[in-house]
Every structure is written in C-alpha cells, then in structure tokens.
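**Q** Any chance you can model this:
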Amino acid sequence: MSLGSVSSLSLVVRGSKGFCLQAPEDFAVHQGFVPDLSKSVKVIAWTRDGKAVAWSNMETVQIAREDDNKWIVEHTIPQTKVFSLSWSPGGTMLATWEQYATTAGKQPQPNLHLFDTNTGERVKSFFQKKMSNWCPMWSLDEKICSRMVNNEVQFYENSNFDVIAHKIHLAKVSNFSMAPGNSKSTHVVTYIPGSKGAPSFTKLYQYPSFDDNQVLANKSFFQADSVDFKWNSLGTTVLLLTQAEVDKTGGSYYGKQQLHYMSTKCDTGMVGLAKEGPIYAVEWSPNGSLFAACYGFMPAKATMFNTKAEAVFDFGTGPRNEVLFNPQTSLLMIGGFGNLRGHIQMWDVAAKTLVSEFDAPDSTNVSWCPDGQRLLTTTCAPRLRMGNGYKVWHYSGSLLHEKSFQTGDELWEADWQAASPGSYEQFKISKAMVGGIQPTQPQVSKQAYRPPGARGTQSTFKLHDDEEAPQNTKKNDAPENMSKSALKNKKRKEAAEREKKEAAKSKTKTEKDKEDALAAAATMNHNNKKSNTYMGAAGLLHDPDKEKKIRKLTDKLASIQKLKDQIAEGKTLEKNQLDKMTKEQELLDELKTLKLS
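**A** All right, here's what the predicted structure looks like:
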C-alpha cells in the first residue's frame, strides 16, 4: 500500500538554534523561507488557513505570508518581549501580549496590543496584567470582539475599539468564553466562582441579550475553583471542565475534576464518567458531533460521547492520557505521553474498530496533520533534555520520517502548518501498513525482568487487575455510564437478585425442620379437635400447657414464613421484622424439644 498524495504542508520547528520551516517529503529546511537564527524565538502563531505566520524573537514581531511557495516578511513590528501571539479568525488582526511591568517614576504602559496585519499599524492597546484569559475573542466574521475587564465582559463591534457596544456585568465573574459562530448567532458563557459555601455557577447568553431574565441556561456546581470551556465547532454545546484544588474526600492529591455540559437548546447536565479519578483529556471532534474523554485512575478509561453527553462507545482501559480526533473525524488517536510509554491506538470512529497499535516512546507532544493521515510526535525540552527530536507516523503505524537533534541542541516546539477546515477530503481507512523506515532509537524490551529463580515458569503477577477490554470485545457486558450513586444502586439491586435466587434453590435443612415441626403440630391440633372419648393412659398424661406452647411456636413460625414471602416479592422490612426472622432456628429447636418431651 502506498501513502498516496503527500500534502505540501511544512513543519514549523523552533529550538535553541532558532526557527525555520521544513518542507516535505524529506522535511529539509524550506528553501523559500529565511530562518530566524535567534536563540530567543518564544512563540509562533499561524492563521487559520496557514497562509501567514507570525513569531516573536523578543526583539521584534515579524509577519510573513506565502506567495508562490515563497515566504515573504511583510511587516516587522518593533514590539519587544512578546510572550504570546494570536490571530483573529480572518487573519486581519494580530494580538500580542507581554508581561506587565511598572517602572518607578513612569506611567504604566499597556501590554496588550492589536495590530492591523495589512498595514502593520497598531489599532488599540489595553492593560492586561494576568496572562490567563489574555487573548480577545472574535466571532468568525470578526464583527464582534470581546474581552474581560475586572467584573465585566466587554464587547466591541466592527473593529471599533473606542466604543463598548455591549457588556455583561457580573460580580466576581472570573472567566468567559464566546462560541465559535458568526455575529448573527453568537453565544457567550460566563463563570462566577462560589464563596463561603455557596455553589459556583455558569450562565449562558445569546448576544446581545444579557439581562438577568434572558439567561438561556444556568448550571451550578460545588467543588469548583476554576472552569475550562470547550465549545464544539458548531457553537451549540459547551463542555465545562471544573477543577477543585483540594479534594475534600481525600481521593486525590491533585484535587477533584468534574465534567458538565450546556447547550444552546437550554439543556444542562453532568457527563457521567464510569471511573473515579482525574480527567486527563477532553476533545471535540472537528465536525462537532462527538467528543472523547480520557479519565480515571490508571489504567485510564477512554469513552466517546455524543452532544447529549450519552456514551457512544467505551474503549476500555489502558496506559493513556490523551485523545485526539483527526481533522476529518474519521480516526481517533488514544495514547499515553509524557511520563507514559507512548503507546498509541488508532480507532475507526464510524466502524468503532481498532485500526492499528504502535509505540512512540519518550513523546511529550502529539498533533495530527491536516490531511488526517499523518501524525507528528515530538520529544521537546524542557520536559526532556536528552533525545530531542520529532517523528512523522502514518496512522497504520509506519514510521515515515525521523529527525534527531544532536546532544546539546534542544527542540522546543514542532508542529504542522495550519490549513483551512475542509481543505482535505475524506479517505478510505485501511489496516494495511504503508512503506516506512526503521527507527534509529533502539526498541526497549517489553519483557519484564524476572529473577533467575523464576525464569522458565509461568508468571501469575498482573500489574493492573482492573484493565478492561474495549466495548466491542467484551463478552455479554453492557457499557456502563453511571455516577457513583448509580453504581451503588446497581450493586444493591444485584445483591438483592442474588439473595432471591439463593432463596429459590433447594430447601435448606432449616426449612425441612420447620416443615416437620409444623406437620407434627398440625397432627396434634387435629387430634385435639376429635370428640372427647376415653383415652386411657394417654388421657391421664395429657399436658394442656405443653400444647399451648406448641401452638404459640407454630404461630410465630408461620408469621416468619410470611415475612420471607414478602422479601421474595421485593418488599423492604422494618428492623424489628428482620430481628424476628433471626430467631427462626431458635424457635424450631424449641418446638422439636417439646415434641420429644
């Protein structure tokens, strides 16, 4: 099998020797791009269509555009110490942020700037002290721009930053997010943290209806110090990943996370995760119809959900902490990176079948190529100082290209050139491996060390006893998507079913003794009801008190039998009734003794 047409997208590489583009197929230095050899290139940003790139080398910000496979620097902005860059959706604006600082005897200067990328001129400057939520948000048509200032969210229209068109004023609002839609249907979600035992809550609005009685949806929750918003590409559903710094239950040192959702149809709820533990990754599919989550104590569980937060497929458990859809939403990558061994699984989203499995050891980052068939894994500093480099993989598991950095050289970032959504069409997924190369890095032995005395014998040790197979390979197991309380209820019902089945089995010795005693008592009662005739010696030995005791014991055993029948019907008994049932054997023994005396 051949790879087919190879996309012309380049790789952007940033490290201790500067910044450059590397062109396919051999990923040599791009001849149409002049590298920036500065050792202090801190940040790179692409436009959505990948036709322009901006970067900061701490002395200037440069903007380059592609023209006939050549990259020309159009603007050099004399803005120093820029740590963050971001393009507007249409590429007409470039936002820059530098660390806020004051100098004694001088007026504070703004540190957030907006530049017109056609002219390179500064359009507006703001004060933005914190790096978190520094970047303004635009609608896709760039007619609306928003940013948060103190206790309000401010909105500007038609790139007029001198007039605030609308605002949301909420006390203690700490975060917000604008849906990725056009100006005719823009939704905004805000987050207000709780205090003094009160819950935190989020509110969903439709622009520009921001009055209290115009809230589309409201979601409250406890144990949330911060919230990350994740919108789907359609702008109809937002996931709320809450984080509490301290887990009051003591279940995790790293705090507690929960996943909720809100939709523009006014639906809210909590996403049911089938395993306790951290939430490592949550990602939407590019078409906005599905999202995948990786969560739970290791081995972590991976599950795919629809927009109603209903589980669609369970991928089982394994050593993973990342989920990532390809741009065509046809493949889902599930892998474990960072401090995990780099094992990667490729799943066919539509067929819900495993396509391939392979290992990319020592990987710190991963990203899909816009063509949806190739994957880039990198080993970057400062996470790992040794063995820096990158690898390009085919989704079938073949290694297509490998670049290793020499000792002393550091790779800080490597990523694909961006491309407009929909630039690459769907392709037929195949499990056959394409032609590739052998990795230069020696493969680590997968066999665990065993002491000499244990070699040659079968090992029964298993590191993780709770590893689960994917849903399509489980035997007679239905997928679970339950909260903690739902799981408890399920276990309680299963226990009741087991007790019911055990009660329906063959009669126990206790039941047999009871039947014998009841039969004897019934015979005695029948004899007592006979006509009063001469009984000879038996009449002389007749004991009325003994018969009275036997009748009482018989009545008690009969009432216990009624209680057991009620349990079989599923009824719940009181504590005194349960205590009464525990005396059954004692009553049987007493009745048997009276019979023999």
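
**Q** Was I right to think Leu170 contacts Ile192?
**A** Yes - using CB atoms under 8 Å, Leu170 and Ile192 qualify as a contacting pair, with a distance of 5.8 Å. Where C-beta positions appear, they are placed from N, C-alpha and C, glycine not excepted.

**Q** Common neighbours of these two, please.
**A** Contact criterion CB atoms under 8 Å, 6 or more residues apart in numbering; residues bridging Leu170 and Ile192 by contacting each: Lys203.

**Q** neighbour-wise, which of the two wins?
**A** For Leu170 against Ile192, the residue with the higher neighbour count under other CB atoms under 10 Å is Ile192, and the figures read 20 against 17.

**Q** List the contacts of the more buried one.
**A** Applying CB under 8 Å, 6+ apart, the residues near Ile192 are Leu170, Ala171, Lys172, Val173, Ser174, Ser200, Phe201, Thr202, Lys203.

**Q** next one: phi and psi at it?
**A** When read as degrees, to the nearest 10, the backbone of Ile192 gives phi -120, psi 110.

**Q** could you measure it against Ile168, distance?
**A** In this view, Ile192 and Ile168 are 11 Å apart by CB to CB, to the nearest Å.

**Q** quick one on the thing from earlier: can you select the buried ones among the contacts of Ile192 for me in PyMOL?
**A** Selecting just the buried residues from these in PyMOL takes one command, with 16 or more other CB atoms under 10 Å as the test:
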select buried, resi 170+173+174+200+201+202+203
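
**Q** Output the contacts of Ile192 in CSV; the columns should cover secondary structure, pLDDT and distance to Ala503.
**A** What follows is these, written out as CSV (DSSP: H, G, I helix; E, B strand; the rest coil; pLDDT from 0 to 100; distance: CB to CB, whole Å):
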residue, secondary structure, pLDDT, distance to Ala503
Leu170, coil, 85, 59
Ala171, coil, 83, 60
Lys172, coil, 85, 58
Val173, coil, 88, 59
Ser174, coil, 88, 57
Ser200, strand, 88, 48
Phe201, strand, 88, 49
Thr202, strand, 91, 50
Lys203, strand, 92, 53
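
**Q** Between which two of the contacts of Ile192 is the distance greatest?
**A** Farthest pair in those (CB to CB) is Ala171 and Thr202. Separation: 14.7 Å.

**Q** shouldn't Gly15 be in contact with Lys403?
**A** No - between Gly15 and Lys403 there is no contact under CB under 8 Å: 10.8 Å.

**Q** and these two? which has more neighbours close in?
**A** For Gly15 against Lys403, the residue with the higher neighbour count under other CB under 10 Å is Gly15, and the figures read 19 against 16.

**Q** With adjacent residues omitted, what lies nearest to that one?
**A** Using CB to CB, 6 or more residues apart in numbering and skipping the chain neighbours, the partner closest in space to Gly15 is Leu411 (4.5 Å).

**Q** now that neighbour: how far from Ser285?
**A** Going from Leu411 to Ser285 by CB to CB gives 29 Å.

**Q** Gly338 too?
**A** Plainly put, Gly338 is 23 Å away from Ser285 if you go by CB to CB.

**Q** who's more crowded, these two?
**A** In this view Gly338 and Ser285 are compared by other CB under 10 Å, and Ser285 has more residues nearby, 21 against 14.

**Q** ok, that one - contacts?
**A** Taking CB under 8 Å, 6+ apart as the contact definition, Ser285 lies against Asn232, Phe291, Ala292, Phe325, Thr329, Val349.

**Q** Name the nearest of these relative to Thr473.
**A** Nearest to Thr473 among the contacts of Ser285, with distances taken as CB to CB, is Val349, at 17.1 Å.

**Q** name the element Ile567 belongs to?
**A** In this structure, Ile567 sits in helix 544-568 according to DSSP states H and E.

**Q** Spatially central residue for the protein, please.
**A** Ala293 (2.9 Å; CA atoms, centre = their mean).

**Q** nearest spatial neighbour of that residue, skipping sequence neighbours?
**A** Distances taken as CB to CB, 6+ apart put Val282 closest to Ala293, at 4.8 Å, once the chain neighbours are dropped.

**Q** Count the neighbours of the one you found for me.
**A** Counted with other CB under 10 Å, the burial measure for Val282 works out to 19 neighbours.

**Q** Now for it: which residues touch it?
**A** Val282 is in contact with Lys230, Leu239, Leu241, Leu259, Phe291, Ala292, Ala293, Cys294, Val323, counting by CB under 8 Å, 6+ apart.

**Q** if we can go back for a sec, so the residue nearest to Gly15 touches Thr378, yeah?
**A** Yes - using CB under 8 Å, Leu411 makes contact with Thr378 at a distance of 6.6 Å.

**Q** Of those two, which one has the most company?
**A** Neighbours around Leu411 and Thr378, counted as other CB under 10 Å, are more numerous at Thr378. The numbers are 26 against 23.

**Q** isn't the more buried one right up against Asp362?
**A** No - in this structure, Thr378 sits apart from Asp362 without contact. The criterion is CB under 8 Å, and the distance is 9.7 Å.

**Q** thinking again about what came up before, mind checking the pLDDT average for the helix holding Ile567?
**A** On average, the pLDDT along helix 544-568 is 83.

**Q** From the chain's centroid, how far away is it?
**A** Once both centres are worked out by CA atoms, centre = their mean, to the nearest Å, helix 544-568 turns out to sit 58 Å from its chain's centre.

**Q** List the buried residues for the helix or strand just after it?
**A** The helix or strand immediately downstream of helix 544-568 is helix 575-581, counting by DSSP H and E. Neighbour counts using 16+ other CB under 10 Å place Gln577, Lys580 of helix 575-581 among the buried residues.

**Q** helices or strands next to helix 575-581 in the packing?
**A** Applying 3 or more CB pairs under 8 Å, 6 or more residues apart in numbering; DSSP states H and E, one finds that helix 575-581 contacts helix 544-568.

**Q** Please save the CA atoms from stretch 390-399 in CSV.
**A** What follows is stretch 390-399, C-alpha atoms only, in CSV (Å, rounded to 0.1, in the frame of the first residue of the first chain):
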residue,chain,number,x,y,z
TYR,A,390,10.4,14.5,16.2
LYS,A,391,8.8,11.6,14.2
VAL,A,392,6.2,11.5,11.5
TRP,A,393,3.9,8.5,11.5
HIS,A,394,1.2,7.1,9.2
TYR,A,395,-2.0,6.2,11.0
SER,A,396,-1.3,2.5,10.1
GLY,A,397,1.7,2.5,12.4
SER,A,398,4.5,3.0,9.9
LEU,A,399,7.3,5.5,10.7
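
**Q** Is the residue nearest to Ala293 in a helix, a strand, or coil?
**A** strand (DSSP: H, G, I helix; E, B strand; the rest coil).

**Q** The closest residue to Ala179 other than its chain neighbours sits in which helix or strand?
**A** Spatial nearest neighbour of Ala179, excluding adjacent residues (CB to CB, 6+ apart): Gly235 at 3.6 Å. In this structure, Gly235 is located outside every helix and strand according to DSSP H and E.

**Q** Can you pull out the low-pLDDT segments for the stretch 151-300 of the chain?
**A** Low-confidence regions of the stretch 151-300 of the chain, defined by pLDDT under 70, span residues 248-252.

**Q** any idea where the strands of it begin and end?
**A** 152-157, 166-169, 175-178, 187-192, 200-206, 217-221, 226-231, 237-244, 256-263, 268-270, 279-284, 290-295, 300-306 (DSSP state E, counting those that start in this stretch).

**Q** which ones are touching the residue lying closest to Met93 once chain neighbours are set aside?
**A** Computed as CB to CB, 6+ apart, the closest residue to Met93 that is not its neighbour in sequence is Leu114, at 5.6 Å. Residues touching Leu114, when contacts are defined by CB under 8 Å, 6+ apart, comprise Met93, Leu94, Ala95, Arg122, Val123, Lys124, Ser125, Pro136, Phe161.
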